Structure formats: structure tokens, C-alpha cells
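>>> sequence and predicted structure, then a few things I'm wondering about:
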Amino acid sequence: MPTPRERAAELLSATFMSRASLRREGMTGRAITEAVRRGWILRPRRGRYLPTTTDAALVDAATLGARLDCVSLLTALGVFVLDDTRLHVQLDHGASRLPVRPSLVVAHWRPRCGARDAVAADLIEALAQSCRCQSPRAAVATLDSAWHHRLIGGDDLAQIFARLPRRVRRLGGLLDRRCESGPESLMRLLLRTLGCRFDVQVPIEGVGRVDFVVDGWLIIECDSKEHHEDWAAQKRDRRRDLAAAALGYTTVRPLAEDIMYRRDTVRRQVAAVLAHPPRR
């Protein structure tokens, strides 16, 4: 599976081919028409063509005369987005002769920052827009993810927050690139509300690296189906938990889906666990 950096290199560089450019490559008008008919190239809009290998989300945006943007672009790149099944696209102010957009399409009208023939929006702009379209905790998890995957750096974050209202800029102090998944970022934000001490991505001799160590004794691992479904992964996790218990740690494994969608329940349960520390 391609990494987010590999996906970014592919998607963010995608551009339309014009009829003129195809003709310069030696294709006649009849050959272009035949190639479209046979499905060898795509024509999402009149006079604009794309390779058949183009990501489906990019094609959907191009069909609307737009560029893939916001959380839709980030999802295509492999960046964590909490939950948004709508198609987010960027459109230039003054764009005309556009097709009717379906109800599940969100249009973001703003001047483009990238090349005129780009199929995707500028990444910095897309990340800034995602902070406007998501809840604060989801926005933090998205920025954590992009930072962790090295799609952006500190200077890029400064550019992102410079595009946002002052009330949103406070989120910058909540970011932590060490979190390796969206649920980990959301758990970190949850732990901040409990007033406990915790460390992120902690190496423990004989156990390995764990997601969180809270108050020095509680290990929290954020389990997702993707990485913990098969029996081999479950055996590894059980052996790690037993090794941790031998060192005096207690391990809990809240499900990623509960961290994302049952936050209050998880918060209440973690608080109850922390209320009963082990006797020393």
C-alpha cells in the first residue's frame, strides 16, 4: 500500500491534459475521440483529459469543473479524517458553465494557489479548509496525521494557521506529531481533560513501545481493526500485556471506533480506571 508521501507525490502533481497537448504528442483528433470511446483516456470535462489511472476522487472533482479539496483530498492521501463522506471541492471565484453539483458535494470558493491545470487543491489550503469544516478535536487529529506522515513541517503549520481565524489558531498548541493514528490523537485530547500525567509513544523494556503511559502505571493502547484483527496480532498484544503486567503496569485497550464515536463513554471509563491505582 502506498504511503501518504507516495500518494501525495502522485495526487498533488496530477494535471489535466488538453486536446492541444495530446495532439502535440502525436494524436490526431480522431485518435483522441477513439481513445476516449475505448476507455484508454478519460474526458471528465470538454477539452480536459486524464489518464485512466487517475484516482477516482480526483476524477469526480474534475467532472464538476473543480479540484479535489479539504477532507476529501486528505482522505485520498491517507491522512486521518474523523468522518465526512461528502465530496469537498475547490472552485475559483467567477467560474462559470459548471454542471449542477449533487447534494453531497461541498464547494469551497476561493482563488487557486496551484497550477491552473492542477486536479487537486494546494495541500496547505486543503489543510486550512479542513480545520474550518471539522470539529476542533477532529482538526487536531487531522493536522497531527499530516505532520506525522511528514506531509507538512513546522513552517507549513505556521502557514496553515495564518489562514485561519484567531479563535482557531489556539489549536496549534495541541498538536503532537508523535501520535501515529487519528484515534491516538483523539485519546491524547481526551486525557488532557482528565488532569492526569501522561507520556506518548513510550518505550518499555521487555514490552516495546506503547501508545500512552498514564500516571506512571496505566498503559493505554488504541486498537483498530486494521492493525489488530488477525490472530498473530492478538497473540502479540496478549504477550505484551502480560509482560507489562509483570512489570506492574495495567493495560487497557479501548477500541478506535469507541474513541472516535463514543468519546464520553470512554472518558468516563478511563476516569474510573484511574480512580483505582494499584497499591504500592
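Cool, the structure landed.
>>> just the buried residues of stretch 96-106, please?
Residues Val105, Val106 are the ones in stretch 96-106 that count as buried (16 or more other CB atoms under 10 Å). Any C-beta I mention is one placed from the backbone N, CA and C, and that applies to glycine too.
>>> which other residues reach it?
Stretch 96-106 is contacted by residues 63-66, 70, 85-89, 91, 107, 133 when judged by CB atoms under 8 Å, 6 or more residues apart in numbering.
>>> cool, and stretch 130-150?
Applying CB under 8 Å, 6+ apart, the contact partners of stretch 130-150 are 3-5, 70-71, 74, 78-84, 88, 106, 127, 152-153, 157, 160, 164, 168, 171, 174-182, 185-186, 189.
>>> tell me which of those fall in strands.
His88, Val106 (DSSP state E).
>>> where along the stretch 151-280 of the chain do the strands fall?
With DSSP state E, counting those that start in this stretch as the criterion, the stretch 151-280 of the chain has strands at 198-204, 208-214, 218-220, 250-252.
>>> can you put those in CSV and add distance to Arg279 and mean pLDDT?
Shown next, in CSV, are the strands of the stretch 151-280 of the chain (distance: least, CB to CB, whole Å; pLDDT from 0 to 100):
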stretch, distance to Arg279, mean pLDDT
strand 198-204, 21, 97
strand 208-214, 17, 97
strand 218-220, 14, 98
strand 250-252, 12, 96
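>>> can you tell me which of the ones you listed is most buried?
strand 218-220 (a mean of 22; mean count of other CB atoms under 10 Å).
>>> residues in contact with it: which ones?
Strand 218-220 is contacted from outside by 187, 191, 204, 210-214, 244, 249-254, 270, 273-274, 277, using CB under 8 Å, 6+ apart.
>>> ok, now with 10 Å
Contacting residues not belonging to strand 218-220 are listed as 184, 187-188, 190-191, 196, 198, 202, 204, 207, 210-214, 240-241, 244-245, 247, 249-254, 259, 266, 270, 273-274, 277-278 [CB atoms under 10 Å, 6 or more residues apart in numbering].
>>> and what of stretch 267-280?
Contacts of stretch 267-280 (CB under 10 Å, 6+ apart): 187, 190-191, 193-196, 212, 214-218, 220, 248-250, 252, 254, 258-259, 262.
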